[in-house]
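Engineer: What follows is a predicted structure for the sequence shown.
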Amino acid sequence: MAKPVEKKRIVVLLLVSFLLTLLLFGPIKRAILGDNSKDVEVIPTQVFYANHVAPILNDHCVTCHRANGTAPFALTSYEYAFRKKTTIRKVVEKGIMPPWPADPTYSHFLGENFLSDDEKQILYKWVDQGARYGDSAKLPEVPTFNKLSNLGKPDVTVYMDSVLIEGNNRDKFYVVKSPFEIPNDTFIRAIEFVPGKHQLVHHLNADLILYREDLKQNVFDGIRFVDEETVPTELAHENLKILNDDGSQPYFYHSAINYLPGVIGTIYPEGIGGYRVNKKSAFYARDIHYAPIQKDLWDHSHYNIFYSKTPPTRLTKEMMLGTNGMSTIHPQLVIPPDTIMMFSTRYRIPSDMSVLTINPHMHLLGQKLKAYAISLENDTIPLIRINRWDFRWQYFYTFPKMVKLSAGTTIVVEATFDNTSDNKNNPYNPPRQVSERYDGDGALMRTTDEMFQFIITYLDYQEGDETTSLDPTR
């Protein structure tokens, strides 16, 4: 048996060994994982663009800030970054950039884009130290991107006809047909919509129309754009030549593609989701909404098609809560002027489901949102929390792995709307009452109206789904 003095000595030696391990493990781990590992970053004494800043910009910024990107300026070189150094610091400090509304302390998603505290401090320090260039040998290569797509190289690109959006500060609503032909009938894995003018397209809901060759001679017949506000749906179909030559209706894949500001297309691993596409087909934007603008702009948006190597084995489904959905909003979505109000909606699911992607949607008065599920055992399953809503960035958030929700689970969504003059996005000054149908003049939802939606893309549950990765690169 060890004597008391020896025991004390052993404890001291173990403590010293533990402290030395803490001090040494960080550098060892950095040497193994590299300096870009988020949880092991260190802030260098001297910060340089080539050594320290360029890797951060490549990881978090140049997806948008590049030639032909969605951002108004590039950050792909030292000259560009130096010119915008003050702006970089300002938007990072305010949490505006990079735009990732979802709170990473609540839930995680594929492709999440936020800066660690160390990365922020490196950017601040670089600006404070004079934004120096550094060692060119340490400069990383700028990532390459496809000019037409955010998802990679598409197999087919289908352009909408160009349209001039009048700059009269009014919402514009169109029904648009974009026909195309491919060599053979096949299966597609994903469809991506890319607006010609980012932030001009408020939203798009489009179907995929499949034509049989024996029933449709010329898919390119008819006009392309119809004003949704002035032309009834039946007449729009006639003008666009949507129907088959004999007057029958072709097959529609409903909501094959949807778009909101900031959205990047979703692509799942092979076998999940996807569609069959015929040799003769068309995209039918039954609802494309252009936001109010102050000067005339041309839009030339396009669709990208990605073929599938194999037929899909599991088809996705969609559930919409809230506005136009299957659950009621409490209280009714009417927001009086000079008020900040919270609303909620909930839905109890009837069968087991595997959640893939979620999409919250509000307009300009949205302030914050939280969604979670409550199981029959009263366990809470976090889905998403957005502490500061930004109308310009409304992602389709895809989970790293499928999230199982068992039958009887209740999905709860809570949202706060700010209809005061403190809300810089408030479309009215002074504030006025806003609701889902403020003006009451029809079914079209304008930017100045409000919405509270929560859209869920899911599969019927199968054993093992909760361990299945949704990362298409794996």
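Structural biologist: That came through fine.

Engineer: residue contacts, Pro154?
Structural biologist: Counting by Cβ atoms under 8 Å, 6 or more residues apart in numbering, Pro154 touches Asn146, Leu148, Glu192, Asn304, Ile305, Phe306. Any C-beta I mention is one placed from the backbone N, CA and C, and that applies to glycine too.

Engineer: And Ser327, by the same measure?
Structural biologist: Leu321, Thr345, Arg346, Tyr347.

Engineer: change it to 6 Å
Structural biologist: Leu321, Thr345, Tyr347 (Cβ atoms under 6 Å, 6 or more residues apart in numbering).

Engineer: Isn't the second one up against Gly322?
Structural biologist: It refers to Thr345. Yes - taking Cβ atoms under 6 Å as the definition, Thr345 is a contact partner of Gly322 at 4.6 Å.

Engineer: wait, doesn't Ser308 sit right on Arg189?
Structural biologist: Yes - using Cβ under 6 Å, Ser308 is in contact with Arg189, at 3.9 Å.

Engineer: which stretches of the stretch 151-300 of the chain form strands?
Structural biologist: Assigned by DSSP state E, counting those that start in this stretch, the strands in the stretch 151-300 of the chain fall at 156-159, 163-165, 172-181, 186-194, 201-211, 225-227, 251-259, 275-277, 280-290, 297-299.

Engineer: doesn't Ala137 fall inside a helix?
Structural biologist: Yes - assessed by DSSP: H, G, I helix; E, B strand; the rest coil, Ala137 belongs to a helix.

Engineer: Count the neighbours of it for me.
Structural biologist: 7 (other Cβ atoms under 10 Å).

Engineer: wait, what's in contact with the residue nearest to Ile191 when sequence neighbours are not counted?
Structural biologist: Once flanking residues are discounted, Ile191 sits nearest to Ile257: 4.5 Å by Cβ to Cβ, 6 or more residues apart in numbering. Counting by Cβ under 6 Å, 6+ apart, Ile257 touches Ile191, Phe193, Ala206.

Engineer: What separation is there between the residue most central in space within the chain and Ile305?
Structural biologist: Residue closest to the average C-alpha location in the chain (Cα atoms, centre = their mean): Tyr395, at 1.9 Å. From Tyr395 across to Ile305, the span is 21 Å (Cβ to Cβ, to the nearest Å).

Engineer: Neighbour count for Ser308 and Arg189, which is higher?
Structural biologist: Taking other Cβ under 10 Å, Ser308 and Arg189 do not tie; Arg189 has more neighbours (23 against 19).

Engineer: mind listing what that one touches?
Structural biologist: Contacts of Arg189 (Cβ under 6 Å, 6+ apart): Gly274, Phe306, Ser308.

Engineer: roughly how far apart are it and Ile456?
Structural biologist: 21 Å.

Engineer: Likewise for Tyr253?
Structural biologist: Tyr253 is 18 Å from Ile456, by Cβ to Cβ.

Engineer: any idea how this structure splits into domains?
Structural biologist: As given by automatic domain parsing, the domain ranges for the chain are 43-138, 156-307, 317-467.

Engineer: got a markdown table for those domains, with mean pLDDT too?
Structural biologist: Below are the domains of the chain laid out as a markdown table (pLDDT from 0 to 100):
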| stretch | mean pLDDT |
| --- | --- |
| domain 43-138 | 94 |
| domain 156-307 | 92 |
| domain 317-467 | 94 |
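
Engineer: Among those domains, single out whichever gets nearest to Arg474.
Structural biologist: Nearest of the domains of the chain to Arg474, taken as Cβ to Cβ: domain 156-307 at 7.2 Å.

Engineer: on that earlier part again, for the contacts of Pro154, which one is nearest Met445?
Structural biologist: Closest approach to Met445 among these (Cβ to Cβ): Glu192, at 23.9 Å.

Engineer: Touching, that closest one and Gly265? I think so.
Structural biologist: Yes - between Glu192 and Gly265 there is a contact under Cβ under 6 Å: 3.2 Å.

Engineer: Residues that sit against both of those two, list them.
Structural biologist: Jointly contacting Glu192 and Gly265 under the rule Cβ under 6 Å, 6+ apart are Leu151.

Engineer: Give me the phi and psi for the nearest residue to Leu123 once chain neighbours are set aside.
Structural biologist: Residue nearest to Leu123 in three dimensions, not counting chain neighbours: Val92, with 5.7 Å by Cβ to Cβ, 6+ apart. Reported as degrees, to the nearest 10, the phi and psi values for Val92 are phi -70, psi -40.

Engineer: returning to what we had before: I'd like the contacts of Ser327 written out as JSON lines, with neighbour count added.
Structural biologist: Listed next are the contacts of Ser327 as JSON lines, based on neighbours: other Cβ atoms under 10 Å:
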{"residue": "Leu321", "neighbour count": "23"}
{"residue": "Thr345", "neighbour count": "23"}
{"residue": "Tyr347", "neighbour count": "21"}
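
Engineer: Mind putting the residues you listed into a markdown table with secondary structure and distance to Pro140?
Structural biologist: Formatted as a markdown table, the contacts of Ser327 follow (DSSP: H, G, I helix; E, B strand; the rest coil; distance: Cβ to Cβ, whole Å):
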| residue | secondary structure | distance to Pro140 |
| --- | --- | --- |
| Leu321 | strand | 43 |
| Thr345 | strand | 45 |
| Tyr347 | strand | 46 |
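
Engineer: Could I get these in TSV, plus columns for distance to Phe283?
Structural biologist: As requested, those are exported to TSV (distance: Cβ to Cβ, whole Å):
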residue	distance to Phe283
Leu321	26
Thr345	31
Tyr347	30
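
Engineer: and of those, the nearest to Leu210?
Structural biologist: Leu321 (29.4 Å).

Engineer: and the gap between the closest one and Arg392?
Structural biologist: 23 Å.

Engineer: can you check Leu208 too?
Structural biologist: To Arg392, Leu208 is 27 Å away according to Cβ to Cβ.

Engineer: Ser435 too?
Structural biologist: Taking Cβ to Cβ, one finds Ser435 at 22 Å from Arg392.

Engineer: Next: Tyr133.
Structural biologist: For Tyr133, the distance to Arg392 - Cβ to Cβ - is 32 Å.

Engineer: One more: Ser406?
Structural biologist: Applying Cβ to Cβ to Ser406 and Arg392 gives a distance of 36 Å.

Engineer: Now do the same for Gly34: its pLDDT.
Structural biologist: With respect to pLDDT, Gly34 has a value of 35.

Engineer: From the contacts of Pro154, list just the buried residues.
Structural biologist: Leu148, Glu192, Asn304, Ile305, Phe306 (16 or more other Cβ atoms under 10 Å).

Engineer: The second one bridge partners, please.
Structural biologist: Just to be clear, that refers to Glu192. As for beta bridges, Glu192 partners with Asn304 under DSSP bridges.

Engineer: In space, what's closest to Val53 - neighbours in sequence excluded?
Structural biologist: Spatially, and ignoring its direct neighbours in sequence, Val53 is nearest to Trp126 (5.0 Å; Cβ to Cβ, 6+ apart).
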